[in-house]
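>>> Here you go, sequence then predicted model.
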Amino acid sequence: MSDKSKPLDYDDLQDMVASNDSGGRNPSGFTKKLIIVTAIFWSIFQLYYTSPFPFWLQEVLRSWDWELNVVVDDTKARSIHLAFALFLAYLAFPAFATSPKHRVPYHDWVFAILGAFLGAYYIFFYQGLVTRFGAPNMQDIIAGCLGVLLLLEACRRSLGLPLVIIASVFLLYNYFGQYLPTNWIISHRSGSLSQIINQQWVTTEGVFGVALGVSTKYVFLFVLFGALLDKAGAGNYFIKTAFAYLGHLRGGPAKAAVVSSGLTGLISGSSIANVVTTGTFTIPMMKRVGFSAEKAGAVEVASSVNGQIMPPVMGAAAFLMIEYINMPYSQLITHAALPALISYIALVYIVHLEALKLDLQGLPRTDPPSPLLIFLLKIVTSILVIIGLVAVVHISLGWIKTVAPNHAFAIVCAILAVIYLLLIRRVAKFPDLEVDDPNAPVVKLPSAKPTVNAGLHFLIPVVILIWCLMVEMLSPGLSAFWGTVALAVILITQRPLLSYFRKESVTKQQFTEGVHALIDGLETGARNMIGIGIATATAGIIVGVVSLTGFGVQLSGIIEVLSMGNIVLMLILVAIFSLILGMGLPTTANYIVVSSLMALVIVEVGKQNGLIVPLVAVHLFVFYFGIMADVTPPVGLASFAAAAVSGGNPIKTGIVAFFYSLRTAILPFLFIFNTDLLLIDVGWAKGILVAVASTIAILAFTAATMNHFFVKNKWWETIALIFAAFMIFRPGFFMEYVSPTSHHIEPMYLVQELEKTEPGKNITLKVSGINPYGKEIEFYSQLSVPEGADGEERLKALGLTLLDTQEKIELNGVQTNKVIIDMVEVDSPAAKAGLNWDQTVLDVSLPLVSIPKEWMFVPGLLMIFALGWNQRRRAKKL
């Protein structure tokens with residue numbers, strides 16, 4: 001696409017989304033009806049599987065003495081999920097660009113039916129597969145080979161070649177790796193066809209593994225929730241609300257684009273769909289106020305892709321993370337919230353700085369301006385009201401559950417119905433929100449009050465979803481189910497109820513339109529899941545190969561050699577590998593691929609070089625760089641989609657978007673070294689302090705990279721801003737020189753010193769031993785000091801028994817006794833930390849009483865404020 005190319009029209013853009021997300025084929029007649037009906041049945045099955053209904057029905061049938069199992073177990077559900085995905089993939093996605101779009105060729109019918117049968121293999125042969133687990137027969141091997149080939153072809157059609165190539169390379173490595181010389185670091189001995197098919201198609205370690213399970217159990221319902229929310233009109237509501245409040249500011253349409261894309265990204269699983277959904281409106285508006293085509297597209301790309309890191313959905317990766325790292329969902333999104341939030345704040349600031357540099361203005365405002373103090377008071381009041389309502393609802397629900405436990409569900413439903421009716425009554429007082437044409441000659445900003453009030457009822461399902469997740473602690477799937485049920489009710493009833501409260505005639509046509517919207521949403525949700533279902537199954541191939549061959553540990557060795565033990569260089573290499581692996585992959589698939597390969601690398605290489613990082617930080621690191629591939633040229637799909645809307649050059653758009661995303665790229669490095677940014681083991685007071693300081697630091701870093709604070713930076717000001725931001729983001733790095741946090745002792749004195757150490761503090765052991773592959777390594781292990789009367793009791797509580805051999809060895813230039821680990825109790829803290837029998841303890845690091853590292857915020861903040869004051873003074877002279 002050249003610089004002079006024109007933007008695509010709306011239909012072309014929808015075709016782009018369809019070809020990427022829901023299929024580029026649009027047949028007619030029976031085939032069209034079959035695709036629609038199959039998609040709807042898929043959504044209904046997923047709702048049934050995720051809901052509590054099967055368990056209720058099972059109890060009823062048992063009370064009638066009926067021996068009928070209506071509960072679908074997880075393994076069978078994955079099989080059905082893949083069967084639907086394969087069937088629809090071959091009917092909805094043409095094989096090639098030249099393939100017929102308006103009919104399905106005979107060979108695609110064969111592939112669709114055969115793919116559905118092989119996907120449902122567990123359903124047809126479940127008992128046999130269970131009895132011959134680990135020893136597949138010839139039928140299993142033939143079915144597995146055909147199934148993998150059909151899955152790869154379905155992946156090529158729906159997602160393109162990148163994931164197919166990666167999966168194929170891993171399969172070839174799985175088979176031929178056994179023939180490599182034994183002294184090669186990547187050689188293995190697990191490559192027979194029977195082993196491969198058993199891993200990939202018979203067990204739940206490959207195609208039918210955790211990734212497909214998460215897609216079945218959680219992701220589908222959230223994608224469906226997003227589709228229904230869009231059908232209800234919430235997407236337009238988010239966009240208009242953002243424009244009503246921000247459109248009048250400098251570069252206002254760009255700021256509104258960031259906020260509306262963030263809101264859409266909350267429930268969207270696709271960067272491309274996010275770009276096209278919000279970008280068709282925001283990009284022309286940005287161009288109108290003075291942004292170039294490339295910059296307008298880049299702002300939309302950066303904000304849309306960032307939607308994938310924003311809780312609660314996080315491009316469906318959050319649901320995979322809770323399975324991979326075994327963490328409660330509410331805890332995970334708490335850790336992910338602050339980096340995502342400050343990243344979005346920085347993007348809004350980038351837009352503001354661009355507007356300042358270009359002297360851009362916003363669109364003419366509709367509402368009269370309100371004083372800043374009144375505006376701030378409104379915000380504070382709203383926050384306090386929300387907190388109060390949350391507390392009241394929480395106490396009320398607890399009271400209802402105590403007083404009427406058997407009728408609590410019915411009472412809550414009745415209360416929600418009343419709230420819905422009250423909100424609809426309020427909404428009816430304002431006109432419906434129409435979808436504006438962003439290319440119209442004159443665009444008028446919507447008025448804030450009627451815009452906000454016109455969609456208040458859309459917040460009910462979102463609140464239900466978040467409440468179930470965060471307060472009731474329900475599973476993500478069940479939370480999305482209740483949110484989806486609420487949306488279904490809204491879709492069917494909102495038109496008649498609005499007419500009723502507006503004193504207009506209520507017609508059957510309005511109910512019919514609501515039912516049609518619900519059916520369309522069920523179809524759209526399922527069609528949007530085709531690519532995700534295929535992607536998670538295909539990515540399962542890679543996970544299966546890594547698990548079978550131990551390639552992750554071997555890759556750790558390669559990265560360690562390339563990084564030469566330098567932790568920062570190791571992280572840079574992992575980031576580059578993650579960008580490469582994530583090219584051309586949807587969010588969910590790229591997270592599965594990069595996490596299965598790269599997360600273990602950070603953990604293993606870090607342990608060997610003194611970097612002990614919580615697993616959640618590691619997974620968020622690789623996830624951030626995986627999604628950055630959607631931005632980065634030459635493959636950045638989101639950048640191409642934005643360029644198609646703006647008419648700009650896609651490569652230039654991608655380069656500018658990557659430059660805008662630098663703050664997203666720097667954050668993972670920061671929270672790897674400073675886990676306070678993830679609010680790990682951080683209380684409320686410290687959490688607020690870290691959030692405020694981090695926000696100021698990210699704004700300073702942004703001002704440095706944009707070379708503009710209040711005026712254009714001098715070279716030394718840019719360096720000073722980066723230094724100050726680094727001081728705030730990594731206060732421990734500087735404070736370690738002022739007040740060290742630990743001291744080292746010889747291992748033979750560990751028991752005595754353990755008695756003096758405060759319980760709850762961390763100690764670090766440096767040990768040497770043999771890894772599972774027979775290689776001698778040195779690594780670090782961190783343990784929390786337990787309660788105990790003396791050092792021996794505390795050591796026993798850790799599950800450790802040490803042996804002082806009296807043999808002299810040289811450590812750090814000093815002769816000392818060799819101390820080995822004589823025994824490690826199973827499932828003890830020591831065992832979980834990676835310690836094992838016969839390892840040698842080389843060094844012990846114990847905590848010291850030190851000055852809190854947060855005091856380093858003071859000089860960092862003073863430096864930023866001083867630079868800002870100096871620039872403000874200089875700006876007045878200009």
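Okay, I see it.
>>> Ends of stretch 737-755, what's the gap?
27 Å (C-alpha to C-alpha, to the nearest Å).
>>> Buried residues of that stretch, list them for me.
746-748, 750-751, 754-755 (16 or more other C-beta atoms under 10 Å). (Glycine included, C-beta is placed from N, CA and C.)
>>> Could you list which of those belong to helices?
Those of the buried residues of stretch 737-755 mapping onto helices are 750-751, 754-755, per DSSP state H.
>>> Give me the mean pLDDT for the longest helix that the chain contains.
In the chain, taking DSSP H as the definition, the longest helix is helix 508-549. Helix 508-549 comes out with an average pLDDT of 91.
>>> now do stretch 273-281
76.
>>> Give the buried residues for it.
Going by 16+ other C-beta under 10 Å, stretch 273-281 has these buried residues: 273-281.
>>> for the strand or helix carrying residue 573, packing partners?
Using DSSP states H and E, residue 573 falls within helix 567-581. Identification of packing neighbours for helix 567-581 by 3 or more C-beta pairs under 8 Å, 6 or more residues apart in numbering; DSSP states H and E yields helix 551-563, helix 587-594, helix 600-608, helix 615-627, helix 662-673.
>>> what's the following helix or strand after the last one?
Read it as helix 662-673. helix 684-705.
>>> Dump the buried residues of stretch 737-755 to a markdown table, plus pLDDT and distance to residue 198.
Listed next are those as a markdown table, based on pLDDT from 0 to 100; distance: C-beta to C-beta, whole Å:
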| residue | pLDDT | distance to residue 198 |
| --- | --- | --- |
| 746 | 87 | 50 |
| 747 | 87 | 45 |
| 748 | 87 | 49 |
| 750 | 88 | 45 |
| 751 | 87 | 48 |
| 754 | 88 | 47 |
| 755 | 87 | 52 |
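>>> Distance to residue 592 for the residues you listed - can I get that in JSON lines?
JSON lines is the format used below for these (distance: C-beta to C-beta, whole Å):
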{"residue": "746", "distance to residue 592": "45"}
{"residue": "747", "distance to residue 592": "41"}
{"residue": "748", "distance to residue 592": "46"}
{"residue": "750", "distance to residue 592": "41"}
{"residue": "751", "distance to residue 592": "44"}
{"residue": "754", "distance to residue 592": "41"}
{"residue": "755", "distance to residue 592": "46"}
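>>> quick check, nearest of those to residue 682?
Checking the buried residues of stretch 737-755 against residue 682 by C-beta to C-beta gives residue 754 as the nearest, at 26.1 Å.
>>> wait, doesn't that closest one sit right on residue 747?
No. Using C-beta atoms under 8 Å as the test, residue 754 is too far from residue 747 to be in contact (11.5 Å).
>>> coming back round to it: make CSV from the ones in helices among the buried residues of stretch 737-755 and add distance to residue 421 to it.
CSV is the format used below for those (distance: C-beta to C-beta, whole Å):
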residue, distance to residue 421
750, 67
751, 69
754, 64
755, 66
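>>> Next one: residue 399 from residue 415, what distance?
Going from residue 399 to residue 415 by C-beta to C-beta, to the nearest Å gives 12 Å.
>>> Neighbour count for the two, which is higher?
residue 415 (14 against 11; other C-beta atoms under 10 Å).
>>> mind listing the helices in the stretch 751-878 of the chain by residue range?
Assigned by DSSP state H, counting those that start in this stretch, the helices in the stretch 751-878 of the chain fall at 791-797, 829-832, 857-877.
>>> what's the closest of these to residue 513?
By C-beta to C-beta (comparing all of these), the closest turns out to be helix 857-877, at 54.4 Å.
>>> Just list what that closest one packs against, helices and strands only.
helix 684-705, helix 715-729.
>>> Of these, which is nearest residue 467?
The nearest among the helices and strands packed on helix 857-877, by C-beta to C-beta, is helix 684-705 at 20.5 Å.
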